[in-house]
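Trainee: Sequence first, predicted coordinates after that:
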Amino acid sequence: MGRVVLATMGSWGDIFPVIGLAKGLTEAGHDVRVAASPAYDELVQGEGLQFSGIGPALGFSDYARDPKILSGRLGGFVGFSHLFRRFIFPALDRYVDDLAASIRGADLLLAHPALIAAPVAAEHVGVRWATISVFPGLIPTAYAPPAPTRVSLGSGRAGRAIHRAAWRVARFNMARLFDAEINRARRRLGLAAVSNSFFYARRLRPAVPGDGVTDGDRPARGLAAERHPHRLRHLGPRQLVPGSRRSGRVPPRP
């Protein structure tokens, strides 16, 4: 069995699913640690789980005091941008260093898709990693746009083409927001710069919590992403990416 670190950021909607996944992996015999804001130390350890604090002690109340992060302008991108500029970028080096310390000796890091410190720390330490998400909206797909819309464009050829175009715009905007900060953090550790840094993780197939993970179309044995995290596709019993027509398969990427 493996030594696994599950790392997350955000508030209750982010930490509770990780706690559930960590308990499930623990019951399966894995040595599991949760890495998150120090604000969740008592909550996580109260569930009988190992815990490492990463970054500042930010909890739900801290985010709630800055309502601008909830701005829905530009499909929520304004609020999303403010969240990172206000809370994450100023402490990015601390996130990277804390996470690197928590994953030393681990076999696998499973990280929240918006935890931008994860790929930097994992590459620096040399630990395999994969993305976990309960928010399919951060997983590029030709079957859904990057922001919610009131009008369904469908899954036909025209709809998929529009979704792909929307994701190209999203990648451009995300690169403008993230590349400078992430590459500064990478250079500090002697790592090469990358382009489109936020979706650097999404170039790999993401692992999504559920009953079983597949490597391609074959059920994986034991820990998700244990052998080939970069080949992970999806899991059952239900398809969690919008628009998929078959369980266990990932919709075409843009």
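Mentor: On my side now, so go ahead.
Trainee: Please identify the buried residues of the helix or strand harbouring Ala158?
Mentor: Using DSSP states H and E, Ala158 maps to helix 157-188. For helix 157-188, a neighbour-count test (16 or more other CB atoms under 10 Å) marks 159-160, 163-164, 166-167, 170-171, 174-175, 177-179, 181-183, 185-186 as buried. In this view, the C-beta of every residue, glycine as well, is placed from N, C-alpha and C.
Trainee: Then stretch 19-35?
Mentor: Buried positions in stretch 19-35, judged by neighbour count with 16+ other CB under 10 Å: 19, 21-22, 25-26, 30, 32-35.
Trainee: swap in stretch 47-58?
Mentor: By 16+ other CB under 10 Å, the buried positions in stretch 47-58 come out as 49, 51-56, 58.
Trainee: same question, stretch 85-98
Mentor: Across stretch 85-98, burial judged by 16+ other CB under 10 Å covers 87-89, 92-93, 95-98.
Trainee: same question, stretch 98-107
Mentor: Across stretch 98-107, burial judged by 16+ other CB under 10 Å covers 98-100, 102-103, 106-107.
Trainee: Show me these that map onto helices.
Mentor: Those of these mapping onto helices are 98-100, 102-103, per DSSP state H.
Trainee: wait, isn't His82 in contact with Lys68?
Mentor: Yes: between His82 and Lys68 there is a contact at 4.9 Å, judged by CB atoms under 8 Å.
Trainee: The helix or strand encompassing Arg94 vs helix 157-188, what angle?
Mentor: Using DSSP H and E, Arg94 falls within helix 92-103. For helix 92-103 against helix 157-188, the angle by axes from the mean of the first three to the mean of the last three CA atoms, to 10 degrees is 90 degrees.
Trainee: so what does whatever helix or strand comes next after helix 92-103 touch, helix or strand wise?
Mentor: Proceeding N to C from helix 92-103, the next assigned helix or strand is strand 108-111, under DSSP H and E. Counting contacts by 3 or more CB pairs under 8 Å, 6 or more residues apart in numbering; DSSP states H and E, strand 108-111 packs against strand 3-7, helix 117-125, strand 129-131.
Trainee: mind putting the ones you listed in TSV, distance to Ser197, mean neighbour count and mean pLDDT included?
Mentor: As requested, these are exported to TSV (distance: least, CB to CB, whole Å; neighbours: other CB atoms under 10 Å; pLDDT from 0 to 100):
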stretch	distance to Ser197	mean neighbour count	mean pLDDT
strand 3-7	17	24	96
helix 117-125	8	24	95
strand 129-131	14	25	89
